[in-house]
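**Q** just need the structure, nothing else, for what follows:
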Amino acid sequence: MRFGQDSQLNLVLSKHLNPQLSPIEIQYFSMHSPLTTILPDLSLIPPPFMYVAIGIFGAIIGSFLNVVIHRLPREASIVFPNSRCPSCEAAISYYDNVPVLSYLLLRGRCRSCKAPISARYPAVEVLAALLWVAVAMHDGLSFALPFDLVFVTALVALVFIDAEHMILPNAITYPGIAFALIARLAVPYLMGTPHFDDLPMLLDGVLAGMPLWAASLIGAVIGALVGGGSLWLMGWAWEKLRGVEAMGLGDVKMMFMVGAYLGWRLTILNIFLGVLSGSLIGVGLMLRQGKRDMQMLLPFGVFLGIGAIAALLIGTHIVEWYAGQFR
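**A** Below you'll find the model as predicted:
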């Protein structure tokens, strides 16, 4: 039986793939998604087992992210040579490279030289594991899941690199923009639903009647302009008014990537969360240092990255709640 010939099957399978689907999305699903016939029945897998497996994979990816975070800003290869101790350059054996567990067994010190190992390493691994589980719980076993996992993983790398070096490497943001555009084309086609937060409103409004893939791509362009374009405009205006650079181009390129992926609604929320959290942290640091320095440099990409992850996971609920206050 081809998917789409049985409306009851459409409803059951679409709800199984993503329990958060709205009635409009279910309708799109039944119209546009013949690919779901290739999926096995995953309902027999106990959710706790699935989440544990995803968390383990997330921790493994987090271990690789530590390599990226350490080497990419130094313009070193992230593939060769094998992982080494930053202090003594001794190669790290495979049994000392198990995420989190090796750090605990070694008590946070290199086996060879006993130099302390940065707590950032297990922190990134644990964070990646938790975020992978959170994304899996958010998406369900849907075609969107691998795309969202890649998006969140890239943001984790950007956040930690910006926190340590105050740069957002083009090696991540440029491919991230291309990835966002590909995802905006592929996910609605694979799932047969708008999926992205901005698409239902666009399809019910100015883009009504347009093919789903085309509307999604236009939504990506709008989101990129709202994200990267607004930051560039704010930075340009501040520089003209105050004569100092207020916004790095790395932040702008990062928000082109984020805006293209999330769409304009969640991107506005993302910028709001980033500015709010950055302002609070900045004021807190000034109070702690006992001085007022309006030129204090903060890694804004950190706050934008955190805001983007929050927008992906809970942004739609926040936007809908806020919009409901005016109805």
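
**Q** show me where the protein has helices.
**A** Per DSSP state H, the chain carries helices over the ranges 7-17, 23-32, 47-71, 101-105, 120-139, 144-165, 170-191, 199-204, 212-224, 230-242, 249-262, 264-289, 300-324.

**Q** check which helices and strands the fifth one sits against.
**A** With contacts taken as 3 or more C-beta pairs under 8 Å, 6 or more residues apart in numbering; DSSP states H and E, helix 120-139 sits against helix 47-71, helix 101-105, helix 144-165, helix 300-324. Every residue, glycine included, has its C-beta placed from N, CA and C.

**Q** again, but for the third one
**A** For helix 47-71, the elements it packs on are helix 120-139, helix 144-165, judged by 3+ C-beta pairs under 8 Å, 6+ apart.

**Q** for it, the averaged confidence score.
**A** Averaging pLDDT along helix 47-71 gives 93.

**Q** quick one: buried residues of it?
**A** 54-55, 57-70 (16 or more other C-beta atoms under 10 Å).

**Q** also the last one?
**A** Residues of helix 300-324 classed as buried: 300-313, 315-316, 319 (neighbour count, 16+ other C-beta under 10 Å).

**Q** dump the residue contacts of residue 102.
**A** Contacts for residue 102 (C-beta atoms under 8 Å, 6 or more residues apart in numbering) come out as 95-96.

**Q** check it and give its pLDDT.
**A** Looking at residue 102, its pLDDT stands at 91.

**Q** and the most centrally placed residue in the chain, how far from residue 100?
**A** For the chain, residue 152 is the residue whose C-alpha lies nearest the centre (C-alpha atoms, centre = their mean; 2.5 Å). Distance of residue 152 to residue 100, given as C-beta to C-beta, to the nearest Å: 19 Å.

**Q** one more: residue 75?
**A** Distance, residue 75 to residue 100, using C-beta to C-beta: 28 Å.

**Q** between those two, which one's more packed in?
**A** Taking other C-beta atoms under 10 Å, residue 75 and residue 100 do not tie; residue 100 has more neighbours (17 against 8).

**Q** about what we covered before: please identify which of the buried residues of helix 47-71 is nearest to residue 178.
**A** Closest to residue 178 out of the buried residues of helix 47-71 is residue 68 (17.7 Å), distances taken as C-beta to C-beta.

**Q** where does the prediction get shaky in the stretch 151-300 of the chain?
**A** Where the stretch 151-300 of the chain drops to pLDDT under 70, the residues are 243-248, 286-287, 289-297.

**Q** the same query, at a cut-off of 80, please.
**A** The model of the stretch 151-300 of the chain has pLDDT under 80 over residues 235-236, 238-248, 282-298.

**Q** can I get the helices and strands packed on helix 120-139 in a markdown table with distance to residue 215?
**A** Shown next, in a markdown table, are the helices and strands packed on helix 120-139 (distance: least, C-beta to C-beta, whole Å):
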| stretch | distance to residue 215 |
| --- | --- |
| helix 47-71 | 31 |
| helix 101-105 | 46 |
| helix 144-165 | 16 |
| helix 300-324 | 18 |
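
**Q** residue 187: which of the ones you listed is closest?
**A** helix 144-165 (5.1 Å).

**Q** can you list the buried residues in that closest one?
**A** By neighbour count on 16+ other C-beta under 10 Å, the buried set for helix 144-165 is 144-145, 147-162.

**Q** can you show me the CA trace of it as CSV?
**A** Once non-C-alpha atoms are left out, helix 144-165 reads as follows in CSV (Å, rounded to 0.1, in the frame of the first residue of the first chain):
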residue,chain,number,x,y,z
ALA,A,144,13.6,16.4,10.8
LEU,A,145,15.6,14.9,13.7
PRO,A,146,19.0,14.5,12.0
PHE,A,147,18.8,18.0,10.6
ASP,A,148,18.0,19.5,14.0
LEU,A,149,20.8,17.5,15.5
VAL,A,150,23.4,18.9,13.1
PHE,A,151,22.1,22.4,13.6
VAL,A,152,22.3,22.2,17.4
THR,A,153,25.7,20.5,17.2
ALA,A,154,27.1,23.3,15.1
LEU,A,155,25.7,25.9,17.5
VAL,A,156,27.5,24.2,20.4
ALA,A,157,30.8,24.4,18.6
LEU,A,158,30.2,28.1,17.8
VAL,A,159,29.2,28.9,21.4
PHE,A,160,32.4,27.4,22.9
ILE,A,161,34.7,28.8,20.3
ASP,A,162,33.3,32.3,20.7
ALA,A,163,33.5,32.0,24.5
GLU,A,164,37.2,31.1,24.4
HIS,A,165,38.5,33.0,21.3
